[in-house]
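Enquirer: got a sequence here, can you build the structure:
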Amino acid sequence: MTQPPQQAQPHWDPNQQQWIYPPGAGAPAPAPVVAGPAGTGLGTHLKRAVDWNVATTVPSPREEQALHAAGVDRWLGGLFAWRRSCLLVALPILVVTAILAFVNAALADLAGYTAFGKFIQWLPALALLFPPLGVVLVLNRWTELRRGARALIVCWGISIAVPLLAQLMPIDWLIDDTVAQSGQLFLLRITVAINSALTLLPVILTVPSGVLKGAGRIKSLFPSSAVPGWFLVAVAPFYSLFIVVVFVIFEQVLGNPLLLIGVAILAFTPWLFVIHRKVYGRPMSYEEARVELPRVSKLGGWLTLGAFVVIVLFVLTGKVDSGGAQGSLKILGSSDDVDNGAAFFGYLDALRTVAEVFGRSLLTAVVFSTIFLVLTFTEWQNIQRTSAQVRAEHDGQMYALQRYLLAHDPAAPPS
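Expert: Sure, this is the predicted structure:
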């Protein structure tokens, strides 16, 4: 019986350092590549970052896989995905903000400052390095809540405390005796005060705004809890007051109808939470929240967008009468325009301020969402641990109080 001819087998060539295949055999076909779970695009991250309803946030398949591996309950996946998107969007903005702050500090004229004074002027820029650090620490282990949240809160707190400490330093500690005796001290005080206001502006605006955004996100996820809703109602008037106080200086210097309209809309928007306090301040089911919460949130979003459009139009087109030989001054201009006294703010300063406000706003919303998450859980724990005696005493006090608050309410239960 004739044996079939054996086919030549591939062999290793030590000179060429590769496998040699006989004619017609060819190299083995590569193994098929199995596509992994789909990730999240930039558009989705941006949409999540500005969306108020965390309950409707859906993790991508890749995020779902990571959350499942970490043992995170699927119902909380939206919160983790929203937090990750906010931090991913905020990270490049915070890095650019820190770079621009260092550039601004390097270009600042520090002639006449002592060594201690020069160091103090660099502190706000150094403090801006901490928010990106905290974001990186969280994103590195974004499926873990407690440890990353603590690191983020610490870094966020440092970024606020250090600039405040720097701006509280008396100017007499920062300049040498030559400047103090030259008669220019008053002018220098005015310049330092203006720079301090611009440095602290992002902090002043983003802290109360972050409280509202964090409370709103947690209320959408835990509508049965009244704690985040009442924070929305209580903080809203103070946020409105902050907006008025911050912009009143600019309005007096740059007085313009467009600026006045934009600031008025921004100051009114937080009062929507107070007007609809019966919606936010009571426990509700998911079905009730799905119907009632979007109604108020959409109105607030449209008002905020309209206010920003009006303010941007004012910045791009508005001019201010200087009352001198230079005539009208532009609101925004190049660095040459600022140096020549033809514009109030330079493009670089405006870009840095807007970027820092937006980046800090996202970061602060994540920080306060974590705080309200803990408060919501603590509220539930306290309710579970309340003894019958304490509950009876509290009910008696509330029945006594209802005589004055609900005396004319026919739906009020009898005391």
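Enquirer: where do the helices sit along the stretch 101-250 of the chain?
Expert: Per DSSP state H, counting those that start in this stretch, the stretch 101-250 of the chain carries helices over the ranges 115-127, 130-140, 146-167, 177-180, 185-221, 227-253.
Enquirer: now those helices as TSV including mean neighbour count, distance to Arg84 and mean pLDDT?
Expert: Just so you know, the C-beta spots here come from the backbone N, C-alpha and C atoms, and that holds for glycine as well. Converted to TSV, the helices of the stretch 101-250 of the chain look like this (neighbours: other Cβ atoms under 10 Å; distance: least, Cβ to Cβ, whole Å; pLDDT from 0 to 100):
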stretch	mean neighbour count	distance to Arg84	mean pLDDT
helix 115-127	17	24	86
helix 130-140	21	7	93
helix 146-167	18	11	88
helix 177-180	13	49	63
helix 185-221	19	13	79
helix 227-253	17	21	83
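Enquirer: can you redo those helices as CSV with distance to Ile265?
Expert: Output for these, formatted as CSV (distance: least, Cβ to Cβ, whole Å):
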stretch, distance to Ile265
helix 115-127, 30
helix 130-140, 29
helix 146-167, 27
helix 177-180, 43
helix 185-221, 15
helix 227-253, 10
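Enquirer: which of those sits closest to Val374?
Expert: helix 146-167 (8.7 Å; Cβ to Cβ).
Enquirer: quick one on the thing from earlier: out of the helices of the stretch 101-250 of the chain, which is closest to Val89?
Expert: Closest among these, using Cβ to Cβ: helix 130-140, at 10.1 Å.
Enquirer: by how many degrees do the closest one and helix 146-167 diverge?
Expert: 180 degrees (axes from the mean of the first three to the mean of the last three Cα atoms, to 10 degrees).
Enquirer: not counting sequence-adjacent ones, nearest residue to the most centrally placed residue in the chain?
Expert: Nearest to the mean C-alpha position of the chain, by Cα atoms, centre = their mean, lies Leu362 at 1.7 Å. Closest residue to Leu362 apart from its sequence neighbours, by Cβ to Cβ, 6 or more residues apart in numbering: Ala90 at 4.0 Å.
Enquirer: got the confidence number for the one you found?
Expert: We note a pLDDT of 93 for Ala90 in this prediction.
Enquirer: is it in contact with Gly359, as I believe?
Expert: Yes. The criterion here is Cβ atoms under 8 Å, and Ala90 meets it with Gly359 at 4.8 Å.
Enquirer: now for these two: what residues contact both?
Expert: Taking Cβ atoms under 8 Å, 6 or more residues apart in numbering as the criterion, Ala90 and Gly359 both touch Pro131.
Enquirer: for the stretch 251-400 of the chain, just list every one of the strands.
Expert: Along the stretch 251-400 of the chain, counting by DSSP state E, counting those that start in this stretch, strands occupy 319-321, 328-333, 343-346.
Enquirer: returning to that earlier point: so which of the helices of the stretch 101-250 of the chain comes closest to Gly41?
Expert: Minimum separation from Gly41 across these (Cβ to Cβ) falls at helix 130-140, 16.7 Å.
Enquirer: good, we can wrap up now.
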